[in-house]
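[1] One predicted model, sequence on top.
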Amino acid sequence: MTKEQSESKGDNGEEDELKWKVGDRVYALWAGNNSFYVSTIAEVNETEKSVLVTWDDADTSHRKVPFSQVMRPSDETTAWSRARIEKRATVAETKNKGRCLFTNEACEAGSVVFVERPLLVALPAVAPLLWQCLQKLHEAAPLNLGTVTFHFAALVSVLTLEKADIDIIRDKYVPEPDEEPNEDVTRILKALQDAPLDGQSSKIRTLDAKGFQRLVSAWRYNSFGHHKEDGLVLYNRISMCAHSCDPTCCWSYGDEDAFVLRSRMALEKGGELTISYLQDEDLLKSTAVRQQKLLNWKFTCACPRCCLTVDVGRGVRCQRCRVGVLYPKVPSGGFESCKVCGGNCTPEDTQMLLRMEEDYVARVETLDKKDLDDVQIVYQAALDIFEKHWILYVMDTILWEGLRPKNIMEAMEHQRRRIDFHQHYYFRPTFILAWCHEELGDSMAQTWPSRKWHLQQEFQRAYHMLSILCGTTHQYTASPYHKLWQATNSASNETKAA
Ligand SMILES: C[S@@+](CC[C@H](N)C(=O)[O-])C[C@H]1O[C@@H](n2cnc3c(N)ncnc32)[C@H](O)[C@@H]1O
């Protein structure tokens, strides 16, 4: 935390130690559970390099906090200078993943690695006429990428950025650096020659097609969808992060679309900083499905989860004893022998099970979420064949959401099964798992309000996970924290010690 305490002085890399003073509002680490809480500095001891804080909840324990465990409220949300980010993380070439990002310091689970401001946020409002023009072209004949956002962002880069920043974008990873302009790029440039673009047309009219193609691909392989609007955001350092299906980092948004990168687990100095290019939901799907999705970025993932030789997210019931669960070996496709009856799947059974799995996957993908009766029929039939399988998780999610307003008891069973599967297949903090616990706590509060220990347990789990994923001060984390507070109905240490 020492580095996070430093005051950033712009991009020249100078950093001064913060001088704390009485009355400063800060986040300080409460030694009761090693989480940060809001407080006010009551005393400063320069000799001991510590402060005495007054916790906002009037708790009187662990008030003495070393400087290294005190942060400004904005440190977790305001973008850091480039120099400060470079001190924290290094880009290095790797054998099989190109340039990747590594931490220069050991990190605790949940600590902020850095906060980066966007290089560019390409939203329709930045160039409305250009946006409309591209939309019209897309409506007339759909662009191959299925959206105008990549072409729009590439053009907005040319319109709004200085050459140095455009060069940064040109340097981003693209699968074919020498790619010739494709039909969409040529068509768009042609159409824009006569379009009214608010006096900015000359920059676009002089843009060469190959350069435009490169920018489109750079945006395609390195940007993030904007979290609120139809548009894209590109970050410089973050775009060096490799993907992993067991990512070492997670992120949330800070001020002005800043990217807050946090370690999801404890990391040693030099450890790789990875994120997931897939949504949390997809991290719970089989290795084959994840790898298929990652082909969008044109690589075959070789992360630790993808290298496992057995896929424990694709369990089937043993056909012989009906008790054991069999998992397929990858990539061969045969099933392991049953750990209960010791039986082996015959080649015919293996073929039959794999075919049924394919059929069910296809069926689940086309389920109408509103038709709960149909979902329940498919679910019940699938339970006869599968156990600890990701398609059951997908149906448990549909049934939890659909049944919740109508039949809370039944819905809760599906929520419990979602938690069980998540913990079985991918036991790391994720927003999905945290919210599963929080929602289950909400349902328990409605159904059995007297079972305090149970509510507390669900809210505590959600709170601790969200503290890692987005920090103790984020609004997402505040939600289970307040529920926990209400459930325990106490303003004492008990609540924080949760
Ligand atoms: C956003 S870029 C990351 C930076 C890139 N490595 C570079 O050299 O600029 C995404 C590309 O990095 C590579 N990459 C990322 N994660 C990978 C992984 N787990 N395995 C193999 N390649 C990966 C792929 O080529 C992917 O399309």
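    That came in fine, so what should we check first?
[2] CA atoms for contacts and neighbours, from now on please.
    OK.
[3] tell me the domain ranges of this protein?
    For the chain, the structural domains run 19-71, 120-234, going by automatic domain parsing.
[4] for R314, what are its contacts?
    286, 327-328, 386-390 (C-alpha atoms under 8 Å, 6 or more residues apart in numbering).
[5] Which ones among these lie within helices?
    W390 (DSSP state H).
[6] ok, the contacts of R314 vs the ligand, which is closest?
    S286 (15.8 Å; C-alpha to the nearest ligand atom).
[7] Tell me which of the domains of the chain sits nearest to R264.
    With C-alpha to C-alpha as the measure, domain 19-71 is the member of these nearest R264 (14.6 Å).
[8] show me where the stretch 351-498 of the chain has helices.
    Here the stretch 351-498 of the chain has its helices, by DSSP state H, counting those that start in this stretch, at 372-383, 390-403, 408-425, 431-447, 452-470, 475-488, 493-496.
[9] okay, those helices in JSON lines with mean neighbour count next?
    Below are the helices of the stretch 351-498 of the chain laid out as JSON lines (neighbours: other C-alpha atoms under 10 Å):
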{"stretch": "helix 372-383", "mean neighbour count": "15"}
{"stretch": "helix 390-403", "mean neighbour count": "22"}
{"stretch": "helix 408-425", "mean neighbour count": "18"}
{"stretch": "helix 431-447", "mean neighbour count": "20"}
{"stretch": "helix 452-470", "mean neighbour count": "23"}
{"stretch": "helix 475-488", "mean neighbour count": "19"}
{"stretch": "helix 493-496", "mean neighbour count": "16"}
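[10] could you dump those to TSV with mean pLDDT?
    Shown next, in TSV, are the helices of the stretch 351-498 of the chain (pLDDT from 0 to 100):
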stretch	mean pLDDT
helix 372-383	97
helix 390-403	98
helix 408-425	98
helix 431-447	96
helix 452-470	95
helix 475-488	88
helix 493-496	46
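[11] Show me the one of those helices that comes nearest V112.
    helix 452-470 (8.9 Å).
[12] hey, C-alpha coordinates of that closest one in PDB?
    Taking Å, rounded to 0.1, in the frame of the first residue of the first chain, the C-alpha atoms of helix 452-470 are listed here in PDB:
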ATOM      1  CA  LYS A 452     -29.700 -14.700  11.500                       C
ATOM      2  CA  TRP A 453     -26.500 -16.800  11.300                       C
ATOM      3  CA  HIS A 454     -27.500 -17.900   7.800                       C
ATOM      4  CA  LEU A 455     -28.200 -14.400   6.500                       C
ATOM      5  CA  GLN A 456     -25.000 -13.200   8.100                       C
ATOM      6  CA  GLN A 457     -23.000 -15.900   6.400                       C
ATOM      7  CA  GLU A 458     -24.300 -15.100   2.900                       C
ATOM      8  CA  PHE A 459     -23.800 -11.300   3.300                       C
ATOM      9  CA  GLN A 460     -20.300 -11.800   4.800                       C
ATOM     10  CA  ARG A 461     -19.300 -14.000   1.800                       C
ATOM     11  CA  ALA A 462     -20.600 -11.400  -0.600                       C
ATOM     12  CA  TYR A 463     -18.900  -8.600   1.300                       C
ATOM     13  CA  HIS A 464     -15.500 -10.200   1.400                       C
ATOM     14  CA  MET A 465     -15.600 -11.200  -2.200                       C
ATOM     15  CA  LEU A 466     -16.600  -7.800  -3.400                       C
ATOM     16  CA  SER A 467     -13.900  -6.200  -1.200                       C
ATOM     17  CA  ILE A 468     -11.400  -8.100  -3.300                       C
ATOM     18  CA  LEU A 469     -13.100  -7.500  -6.600                       C
ATOM     19  CA  CYS A 470     -13.800  -3.800  -6.300                       C
END
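[13] Return the distance of that helix from the chain's centre.
    19 Å (C-alpha atoms, centre = their mean, to the nearest Å).
[14] got it, and stretch 71-81?
    20 Å.
[15] Count the neighbours of whichever residue of the stretch 301-450 of the chain sits closest to the ligand for me.
    Closest to the ligand within the stretch 301-450 of the chain is C301: 4.4 Å, counting by C-alpha to the nearest ligand atom. Using other C-alpha atoms under 10 Å, C301 is surrounded by 21 other residues.
[16] Please apply the same query to the one 5 residues further on.
    By other C-alpha under 10 Å, the residues close to C306 number 20.
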